[in-house]
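Asker: predicted model and sequence follow; I will ask about them next.
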Amino acid sequence: MQWETVIGLEIHTQLATKSKIFSGASTAYGAEPNTQACIVDLGFPGVLPVLNERAVDMALKFGVAVGAEIASRSVFARKNYFYPDLPKGYQISQFELPIVGRGSLAIDLEDGSRKVIGITRAHLEEDAGKSLHEDFHGMSGIDLNRTGTPLLEIVSEPDMRSIKEAVTYARKIHQLVVYLGICDGNMQEGSFRIDANLSIRPFGQEAFGTRTELKNINSFRFMERALNFERERQIDLIEGGGKVLQETRLYDADRDETRSMRSKEEADDYRYFPDPDLLPVEIADQRLQSVKLSMPELPDQKRRRFESAYSLSPADALMLTQSRQQADFFEKVVGNGVDAKMAASWVTVELAGALNKVGLELPQSPVTAERLGGLLRRIADNTISGKLAKQVFEAMWNGEGDADQVIEAKGLKQITDSAQIETIIDKIIADNPKQVEQFRAGKEKLLGFFVGQVMKQTQGKANPGRVNRILLGKLKG
Amino acid sequence: MPLDHSDVEKIAHLARMALDESQIDAYAEDLSNILGLVEQLEAADTTDIEPMSHPLHMAQRLRFDEVTEEVRREKNQAVAPSVENGLYLVPKVIE
Amino acid sequence: MHSKSIVELGAALRAGEFSSVELTRHFIQRIERLDGDLNTLITTTPEQALVEAESADQAVKAGRAGVLTGIPIVQKDIFCTRGVKTSCGSKMLDSFISPYDATVVERLRQAGVVCLGKTNMDEFAMGSSNETSFYGPVRNPWDRERVPGGSSGGSAAAVAARLAVAATGTDTGGSIRQPAALCGVTGLKPTYGRVSRFGMIAFASSLDQAGPMTRNAEDAALLLQAMAGFDPKDSTCANEAVPDYSSTLEDSLEGLKIGLPREYFDAGLDPAVATSVEAAIEVYKRLGARVIDISLPNSGLAVPTYYVVAPAECSSNLSRFDGVRFGYRCKEPKDLEDLYKRSRGEGFGAEVKRRIMIGAYVLSAGYYDAYYLKAQKTRHLISDDFKQAFERVDVIMGPTTPTTAFGLGEKMDDPVTMYLNDIYTIATNLAGLPGISLPVEPVKGLPVGLQIIGNYFTEAKILNAAHRFQQETEWHRLKPDLSKQS
C-alpha cells in the first residue's frame, strides 16, 4: 500500500524581549539557576502578572507577516496542570481568543512550484522552567529561569503531505521570525522548538488517520529523522494489523527513535478558563498601524526585489535572502559600486565558504562588507585579476588591511602596459621556436602554454585580456 | 448532580490533594450539597447573555519591556523547603 | 486612649498630648492582656511597631506628620509583609516569611501607620465565621460564644475590642462587611480595582478587594485614602483618580435617592434585624433622603453564582501551593505525586479543600459549560440588575447580614447554611461595586449592620452617607464590655 503522510506543526518561538512576558525579570539565556526568576515568575503568594508590550507587538508583527487576522480583542487563559517546572500550577496561555488568527505562508517545493500552508493561529503564552535530571540524591533540580519567557506558539493546519514539506515549512517560519527580529532562532538554546503532529493514510483516502504528537524537536536534522522514524513506525504498525494510538511521543536523538511519554499517559484535563488576573488585550488600530509601518522587508519580497533590481538569477536571489544578515551584507557590498552578480558570487561562495570553514557567522566575519566591496572594485577596474583577488581576500581575512593596502604591499597590481607585455611576449616567442612552429601548424591549444609562460614571468600580474590579444596577434601575425 | 466516593477521588486527584479515606464520603455529601445549591442556576434564562469574567470593562494595560528585577535568589529561596546549588529539589521527575 | 478614632488620635499626636510610642505601648499592652481568648491576632510585631512609632514621633516633631502618622493598626494576615510571617490563616503558610510587601502594606507604611500585628482570618479567606483558621476561631468580643464573622474576623474583632485603632480587611463575598456588621464596626469594600491586589494572597481574583475596617466612616475615609489608587503591578487596578474622601463627608443628603431592594427584606431576614435596619432608613429620611422601592430580580442567583466563580478561581490560584518553593511540604515524599498530594492534603483545611474540589469540578471537561460558563452569564444578569437600579437611585441600602452573630460551631457542619450568611453581600462582589457596613441599633446586645451599596467608584458618596448617619446616631460608639465575659 502507498501511504500518504499528513503533518501539522506547532512551533514555539521564544520572543526576543528583554524582560519576561509578565514580569520585569531578564530573559537572558544561561544565567545561574533561579537568578532570573523573580517572585512573579516563581508564583509567590500575592503576585500578579502585567503584560509586556513588546511581546504583544512581536506577535502582531508575525500576524501581519503571514497575512493573518489580528484579534482586536484577545484573552489570556489559564491552562491548569501540576508539574515542577510550572510554578503556579497553571500556564498563562491563550485558548479561545488568540491574538493572531488565521493566516498562511507559501513554501517553495523542490519542483519549483509553491504551496500555501495554512496557519491556524498564533498565541502568546509563558514558557515553563526546566527540570534538571542530574541526580541530587535521587531528587531532580528545578531551574525556573526560563519561566515566563514569552512564547509565540504558531499552529499550522495539517497541510503538509511529506516530511520534506514539513521541514521546508519549519525552516521558512524560522527564517521569517528571525527576519522579523522577534526571535533569535537559536535552536540549541531552545528559542525555536517544534512539535509535530503526524498521521498516515492510504493515498486517495480523505479521512485523516490517527495522529501522534512528537514533542520538543530542537533541530531541523532531528526533525527529519524523528518524522521519518515516526512515519515508518506507524506504517509498520498498521501494516502489521495494529492501530496507531493518539499519544504524545518524545524523540530520542541518541537512539534515533520516538517513545511514548509516560507523564502524559493519563488524559489531560487542563481546565482552561479566562485568567482573572489579566484583562482582555485590546489592539487599537493605531498600534496595529505602527506595527505595520515598522515591518521589515520580508524574505519573499526581498528575493523578488533582488531579482529585479540587481538582475540576479532566482537561485542567487534565493541564496542571498536566506538570511536577513546575508542580504544586508550583500547590499552593502553592492553599495560600493560593484557588479551585483560578482558580489553575489563572492558573498555566497568565497565568503560563505571561508566562514563555514572556521565556523563563524556573518557578523563575526573578519572581512567587512566595505572591504569586500573595495576588493571587488579593484577587480572591476582591472587593478587586479580575478585570480589574484583570491589571494588578496585571503590576506584581508588574515587582517593584513584593506584591498588597496594588500595589493600595494604584495605588489599585486596588474600589468596593463601593452609595451611591457609585448616585450615579455617577444622574448617568450624567441625562446620557444618549436612551440611557435607547432602553433602555426594548427595546434592552437598551445595558446595556453604561452599564456602560462607570460603569467609565470609576471607572477600572474599581467592583464589576461591583453596577454591573449597580443599573443594571438604575434603568433598568427 | 450528587457526587459519589469515586467522583471525589477523581476530583481530589485532579487537584492533587490527598484525602483521608475515612472522610471521602463526608466530602462527597458536602460537595453534592454545594452542587445542589449551584444547580439553582439552571433555572435562569441566560439566552443571549454574554459571559462576564471581570467586573470592570477595562482593557489590559501593557508594561514597557525593561528589566526591573534584581537578582534576589537568596531571599526568595530562604522560604523554600529544599534547595541545593540554587535549584529547587523535588522527587525525581520522570518524562 | 484606645477608644478614640484615627481623627481624634491623630490630632492628639500632632498636638503633642502623647507620643506614638506611648500610644503603641498602650495597644501592645491591651493586646497582651485581652487578646488571649479573643484570638484576633496570629502574629504580633511589638518590636517593629515601636520602631515605627519612634520614627512616627520624629515625623511629628519635624512637622512632617500626616493624618495617619503614628496610628497603630493591624493588618489582615492575607497581606504579604516583608520579614514577617504571612500565613493567610493556613497551615500551608505557617512557616512563610514573605520576602516582599503588599502594595497596601507599603502604602500604609508610607502614610506613617504603626503595624501592631497580623490578624486572624478564615483559611485563605474562605469562610464566614473565622472558624476555618488554622490558628483557631476568633471570638466575638460582644459574646465570646459567638463568631465574629469572616473572613476578616480577626480584623473586625480587634477593632471592636479596641486592640487597634483600625484594621485592613479583604472582601471576596462579604469578608469585610459581614464581620464588620457582626462586630459592630464600620467596614468598607471598595469598587473592584480601587485598591491594588498586589501582595494580597489571592482567593478569587475577580472578586477580591481590600478595604478599611474602622470605628467610623471618617476613619474609613482616611484609611482608604492611603490604600487606594493605581498600581502598575496589578493589571486589574483601575487608573482612576482618587478623590479626597474626607472633603465630602459632610455633604448634605438632601434629595439623596436611596433604593431599597425588596429582595433584601424577604423571608430570610431576621425580623429584629429588619426593624433595626428600617429604623436606620428613617434616620436617612429625616436627613432629607428619598426612599425608593427597587428590585434586584436576580438576587437569588448571587450565592449559587458565587459558589461557582469563587471556587473555580481559587482552585487555580491555590495550585501554586505545592511544597516546592515555599510553604508546607509533607515529610519524606516518595515521589512527585506524593509530594503534591500530601503537601496539599495536609497543608489545607477542610473548607479550602472543599472549595478547591468544587472549583476543579466546575472547570473540568464536560462540566465547564453547565457550571462555569453558566455562572459567568448569571453573573452578568446580577451585574445588570445593579446597572438598572443605579439609573434610578444614588445608593442602595439594606441589611448586611440576615441575622446577628451566630454561635461558634453552629454552622460548621453545614457549608451551605454557612454560605447563605453572605446572601446580601455577595452580589456586590460579583458586580464589582463598593459597599459599606455600619453599625445600627443592636439586637439583644449584638451588633447589626446597615449595608450601603454605591455605584462604581462612588466610595465618596457611601462614606458621606455613612458619616452623616454616624453624626446623627451613637451606635458606632458602642463598645463591648470585655471585663464581664469569660
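Answerer: Alright, I've got the coordinates.

Asker: chain neighbours aside, what residue packs nearest to the residue positioned nearest the centre of chain A?
Answerer: Nearest to the geometric centre of chain A sits A:Gln175, at 4.5 Å (CA atoms, centre = their mean). With sequence-adjacent residues excluded and distances taken as CB to CB, 6 or more residues apart in numbering or on different chains, A:Gln175 is closest to A:Pro299, at 5.6 Å. C-beta here means a position set from N, CA and C on the backbone, and glycine is covered the same way.

Asker: ok, that neighbour to A:Glu153 distance?
Answerer: Counting by CB to CB, to the nearest Å, the separation of A:Pro299 from A:Glu153 is 21 Å.

Asker: can you pull out the strands in chain B?
Answerer: Listed in chain order, the strands of chain B (DSSP state E) span B:62-63, B:83-84, B:87-91.

Asker: enumerate the residues of chain A near chain C.
Answerer: A:39, A:42-51, A:78, A:80, A:82, A:84, A:87-90, A:142, A:269, A:271-273, A:276-279 (CB under 8 Å from any CB of the partner chain).

Asker: of those residues, which belong to strands?
Answerer: Residues of these located in strands (DSSP E): A:Leu51, A:Arg78, A:Asn80, A:Tyr90, A:Ile142, A:Phe273.

Asker: give me every residue that touches C:Val277.
Answerer: By CB atoms under 8 Å, 6 or more residues apart in numbering or on different chains, the residues touching C:Val277 are C:Phe265, C:Met397, C:Gly398, C:Pro399, C:Val440, C:Val448, C:Leu450.

Asker: what's the following helix or strand after the helix or strand of chain C with the lowest mean pLDDT?
Answerer: Lowest by mean pLDDT, DSSP states H and E among the helices and strands of chain C is helix C:415-419, with a mean of 90. Beyond helix C:415-419 in the direction of the C-terminus, DSSP states H and E gives the next helix or strand as helix C:426-431.

Asker: mind listing what the residue positioned nearest the centre of chain B touches?
Answerer: The centroid of chain B falls nearest to B:Ala15 when counting by CA atoms, centre = their mean (6.9 Å). Residues counted as contacts of B:Ala15 (CB under 8 Å, 6+ apart) are C:Ser315, C:Ser319, C:Arg344, C:Ile356, C:Met357, C:Ala360.

Asker: close to chain B: what parts of the stretch 201-350 of chain C are there?
Answerer: Counting by CB under 8 Å from any CB, the stretch 201-350 of chain C sits next to chain B at C:206-207, C:232, C:235-236, C:238-239, C:298, C:300-301, C:303-305, C:307-308, C:315, C:319, C:322-327, C:329, C:333-342, C:344-346, C:348, C:350.

Asker: among these, which ones are buried?
Answerer: Buried residues within these, counting neighbours by 16 or more other CB atoms under 10 Å in any protein chain shown: C:206-207, C:235-236, C:238, C:298, C:300-301, C:303-305, C:307-308, C:315, C:319, C:322-327, C:329, C:333, C:336, C:339-342, C:344-346, C:348, C:350.

Asker: tell me which of those residues fall in helices.
Answerer: C:303-305, C:307-308, C:315, C:336, C:339-342, C:344-346, C:350 (DSSP state H).

Asker: farthest-separated two in these?
Answerer: The most widely separated members of these, counting by CB to CB, are C:Val303 and C:Leu336 (37.7 Å).

Asker: A:Lys336 belongs to a strand?
Answerer: If you look again at residue A:336, you'll see it is Asn, not Lys. No: per DSSP: H, G, I helix; E, B strand; the rest coil, A:Asn336 lies outside any strand segment and is coil.

Asker: thinking it is in contact with A:Leu376, fair?
Answerer: Yes: the pair A:Asn336 / A:Leu376 is scored as a contact, 6.9 Å apart, by CB atoms under 8 Å.

Asker: higher neighbour count, the two?
Answerer: For A:Asn336 versus A:Leu376, neighbours defined as other CB atoms under 10 Å in any protein chain shown are more numerous around A:Leu376 (25 against 17).

Asker: need the pLDDT of the residue in chain B that chain C sits nearest to.
Answerer: With CB to the nearest CB as the measure, B:Pro55 is the residue of chain B nearest to chain C, at 2.3 Å. We have a pLDDT of 94 for B:Pro55.

Asker: so how many other residues sit close to residue 39?
Answerer: No chain was given, so I picked chain A. 23.

Asker: please refer instead to chain B.
Answerer: Per other CB under 10 Å, the neighbour tally for B:Glu39 reads 14.

Asker: what's the pLDDT at it?
Answerer: pLDDT at B:Glu39 comes out at 95.

Asker: go on, C:Glu22?
Answerer: Note for C:Glu22: predicted pLDDT of 98.

Asker: please name the nearest non-neighbouring residue to A:Met139.
Answerer: Spatially, and ignoring its direct neighbours in sequence, A:Met139 is nearest to B:Leu89 (4.3 Å; CB to CB, 6+ apart).

Asker: before we move on, back to that, contacts with chain B among the residues of chain A next to chain C, please.
Answerer: Among those, chain B is touched by A:39, A:42, A:44, A:50-51, A:82, A:84, A:142, A:269, A:271, A:273, A:276, A:278-279 when using CB under 8 Å from any CB.

Asker: now those residues as JSON lines including pLDDT?
Answerer: Below are these laid out as JSON lines (pLDDT from 0 to 100):
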{"residue": "A:Ile39", "pLDDT": "98"}
{"residue": "A:Leu42", "pLDDT": "98"}
{"residue": "A:Phe44", "pLDDT": "98"}
{"residue": "A:Val50", "pLDDT": "98"}
{"residue": "A:Leu51", "pLDDT": "98"}
{"residue": "A:Phe82", "pLDDT": "95"}
{"residue": "A:Pro84", "pLDDT": "95"}
{"residue": "A:Ile142", "pLDDT": "97"}
{"residue": "A:Asp269", "pLDDT": "92"}
{"residue": "A:Arg271", "pLDDT": "97"}
{"residue": "A:Phe273", "pLDDT": "97"}
{"residue": "A:Pro276", "pLDDT": "98"}
{"residue": "A:Leu278", "pLDDT": "98"}
{"residue": "A:Leu279", "pLDDT": "97"}
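
Asker: count of residues packed around C:Met213?
Answerer: Counted with other CB under 10 Å, residues neighbouring C:Met213 total 36.

Asker: what's across from it in the sheet?
Answerer: Here C:Met213 sits in beta bridges with C:Ala167, C:Gly187, going by DSSP bridges.

Asker: biggest helix in chain B, by residue count?
Answerer: Scanning chain B for the longest helix, with DSSP H as the assignment, gives helix B:24-38.

Asker: quick one: distance of that one to the chain centre.
Answerer: The chain centre lies 18 Å from the centre of helix B:24-38; the measure is CA atoms, centre = their mean, to the nearest Å.

Asker: measure the residue nearest to the centre of chain A to A:Gly63 for me?
Answerer: In this view, A:Gln175 and A:Gly63 are 17 Å apart by CB to CB.
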